[in-house]
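Engineer: let me see the structure of the following:
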Amino acid sequence: MKTLDDKVVVITGAGSGIGRALALDLARRGSLLALSDVDEAGLAETVSLVERAGVRRVRSDRLDVSDRGAMQRYALDVVQDLGRVNVVINNAGVALSGDLDDLDYSDIDWIIGVNFWGVVHGTKEFLPHLIASGDGHVVNLSSLFGLVSMPGQSMYNATKYAVRGMTEALREEMLIAGHPVGVTSVHPGGIKTAIARNARVSAKESQEKTAKFFDEKLAKMTPERAAEVIIAGILKNKARVLVGIDAHALHTMGKLLGSRYQDVVAIASKRVLPPKTQIV
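Structural biologist: Sure thing, here's the model as predicted:
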């Protein structure tokens, strides 16, 4: 895929953050957009922004990516409406902080539903249409935490590692079958989005302190710059795209130290992470 001009691009989680930045960038490149989110107000704002940016065509839908039936219907509706699909960017994601022992199963089910099943649904339901397009691409948002683990992020790690594994295997399957579909796994580091402010936390975590720590200490790159890096990766048909200096640095540390990186992370995290909330 050498250009995104006149390509039909599906983006989940387009109501804010990286999803919105991708939509705006692609609108300027001449793409036809199918945008979705559970946040209807945020999605409407994104639609307004891409229209002002001169988008050729935009479709918007409220969509819960964890709902398999809804995603099946959505894929069919998009293809019927826009005629084809060339690119699917499974960007929708949520966060959950807390030690595994402190997490509720309801929150675990929630993050797995969105972060893992949402990506599976978006990939599987659109894949036949991407193959049929003759010029397709799957882009799945994993994370830096799909490359290295972090304390307090066990379930986020689990979902993002799973997305990475599925995406890499899918790429191999497309190569073996000779299908005209590129596959890219994206691993952003700290991006200035609302994911931490919208996250769930265990009873022993302070949502306010956790979000503040992410926003002030970890989120370094703008969503707009992240979108540029991701789109460049699509056009170069990269198998893996690291987004941000932190993603490159921690990935390199993990490769150099092997499993010993876990000891380094544990020591560093003990010094910098917000203290636990005492439950009375």
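Engineer: could you use CA atoms for every contact and neighbour count after this?
Structural biologist: OK.
Engineer: show me where the stretch 101-250 of the chain has helices.
Structural biologist: Counting by DSSP state H, counting those that start in this stretch, the stretch 101-250 of the chain has helices at residues 105-111, 118-133, 154-177, 207-213, 223-235, 245-257.
Engineer: could you say which of these is packed most deeply?
Structural biologist: Across the helices of the stretch 101-250 of the chain, averaging neighbours per residue (mean count of other Cα atoms under 10 Å) puts helix 118-133 on top, at a mean of 21.
Engineer: and V201, which of the helices of the stretch 101-250 of the chain is closest to it?
Structural biologist: Closest approach to V201 among the helices of the stretch 101-250 of the chain (Cα to Cα): helix 207-213, 6.0 Å.
Engineer: now the closest one: mean pLDDT?
Structural biologist: Averaging pLDDT along helix 207-213 gives 74.
Engineer: so where is the stretch 51-200 of the chain shaky, pLDDT-wise?
Structural biologist: Within the stretch 51-200 of the chain, no range satisfies pLDDT under 70.
Engineer: okay, the helices of the stretch 101-250 of the chain in a markdown table with distance to L82 next?
Structural biologist: Compiled in a markdown table, the helices of the stretch 101-250 of the chain are given as follows (distance: least, Cα to Cα, whole Å):
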| stretch | distance to L82 |
| --- | --- |
| helix 105-111 | 31 |
| helix 118-133 | 12 |
| helix 154-177 | 24 |
| helix 207-213 | 38 |
| helix 223-235 | 21 |
| helix 245-257 | 36 |
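Engineer: which residues touch the closest residue to R200 other than its chain neighbours?
Structural biologist: Among residues not flanking R200 along the chain, L96 sits closest, at 4.8 Å (Cα to Cα, 6 or more residues apart in numbering). Taking Cα atoms under 8 Å, 6 or more residues apart in numbering, we find L96 in contact with 107-108, 111, 153, 155-156, 199-202.
Engineer: which one's the longest strand in this structure?
Structural biologist: When the chain is parsed with DSSP state E, its longest strand is strand 181-188.
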